[in-house]
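In: just need the structure, nothing else, for what follows:
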Amino acid sequence: MEPETRSFDAAQWKAYRGSLADDSPRPAMAAQVKALLERRTPTRKDVVALLGRPDEQTPEALYYVLGRSDLSVSFDYLGIYFDPDQRVSRVVRTHR
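Out: Next up, the predicted model:
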């Protein structure tokens with residue numbers, strides 16, 4: 001079954017920061033966010049301006065919660081990784 005997709009809406013994305021709600025629109029927007037970031041390769045600062053504060057972060061990456069994983073009790077995140085110049089290098093859906 002194909003995952004639902006939804007047009008990216010920055011305000012709606014930001015409104016669901018930290019939300020574990022089953023009706024979160026973030027999972028449906030994740031593919032568009034990934035494509036946008038990989039195409040534009042913005043800076044870390046620009047990513048935060050676009051998506052809001054991350055739910056988790058490390059020096060190498062920002063993580064935005066998407067919701068409970070279909071495969072386990074863990075949660076899916078959109079992981080946004082940066083190169084040494086602090087520009088997006090890759091975007092992956094991951095479990096944490």
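In: immediately after the longest helix along the chain, which helix or strand?
Out: Across the chain, the longest stretch assigned as helix under DSSP state H is helix 26-40. Next helix or strand after helix 26-40 toward the C-terminus (DSSP states H and E): helix 44-51.
In: residue 17 in helix, strand or coil?
Out: coil (DSSP: H, G, I helix; E, B strand; the rest coil).
In: quick check: bridge partners of residue 77?
Out: On the basis of DSSP bridges, residue 77 is bridged to residue 65, residue 94.
In: which residues are in contact with it?
Out: Going by C-beta atoms under 8 Å, 6 or more residues apart in numbering, residue 77 touches 55, 56, 63, 64, 65, 66, 93, 94, 95, 96. (C-beta placed from N, C-alpha, C; glycine too.)
In: ok, now with 10 Å
Out: The neighbours of residue 77, taking C-beta atoms under 10 Å, 6 or more residues apart in numbering as the test, are 26, 30, 54-56, 61-67, 69, 92-96.
In: least confident secondary structure element in the protein?
Out: Ranking every helix and strand in the chain by mean pLDDT, DSSP states H and E puts strand 61-68 at the bottom, with a mean of 91.
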